[in-house]
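Chemist: okay, here's the prediction I keep looking at, along with the sequence it came from:
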Amino acid sequence: MLRSELINALCKRQPHILREEVVLAVECILEQMMESLEKGERIEIRDFGAFSLHHRSPRKAHNPRTGEYFTAPAKAAVYFRPGKGMKDKINSSRGIIDLKKIRSVRNSKAALDNEPLKIANC
């Protein structure tokens, strides 16, 4: 989903809010998230997921085109870990059953009868 698609979807769901206000809200949220990550803070949105920084140390690398070896500088990469709510919603929308849920209902065969199972290991 692109930023513009997000704005359009929000405008359709909330027609009483002006488009300019939706654009401003989306821009403010994204800017605040970037500022927090820039400070090294972790962002956690319950049932959605968490954003954090993973620090990469300098490493030896080479340019395959020229064959030149060099030291790649240290850097930080943004890491996203989906929350339980997001995982559950995505898996249930695809008909995937989590192994943990299968184990918890193993004795209750009626819950799994007449349904083809897709199993996720996550």
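Modeler: It's in.
Chemist: what's the closest non-adjacent residue to residue 54?
Modeler: Once flanking residues are discounted, residue 54 sits nearest to residue 79: 4.6 Å by CB to CB, 6 or more residues apart in numbering. To be clear about C-beta, it is placed using only N, CA and C from the backbone, and glycine gets the same treatment.
Chemist: kindly report the same for residue 71.
Modeler: Per CB to CB, 6+ apart, closest to residue 71 is residue 58, 5.4 Å.
Chemist: count the residues that sit near the residue nearest to residue 54.
Modeler: Residue 79 sits with 12 neighbouring residues when counted by other CB atoms under 10 Å.
Chemist: check which helices and strands the longest helix anywhere in the chain sits against.
Modeler: Looking only at the chain and at elements set by DSSP state H, the helix with the highest residue count is helix 19-38. Packing contacts for helix 19-38, counted by 3 or more CB pairs under 8 Å, 6 or more residues apart in numbering; DSSP states H and E, involve helix 3-13, strand 43-45, strand 49-56.
Chemist: show me the domain layout of this protein.
Modeler: As recorded under automatic domain parsing, the domains making up the chain are 1-40, 42-82, 83-122.
Chemist: state the mean pLDDT of the first one.
Modeler: Read that as domain 1-40. Mean pLDDT, computed over domain 1-40, is 96.
Chemist: also the last one?
Modeler: Confidence over domain 83-122 (mean pLDDT, whole number) is 67.
Chemist: ok, back up a step: just checking, the residue nearest to residue 71 touches residue 74?
Modeler: Yes. With contact defined as CB atoms under 8 Å, residue 58 counts as touching residue 74 (4.8 Å).
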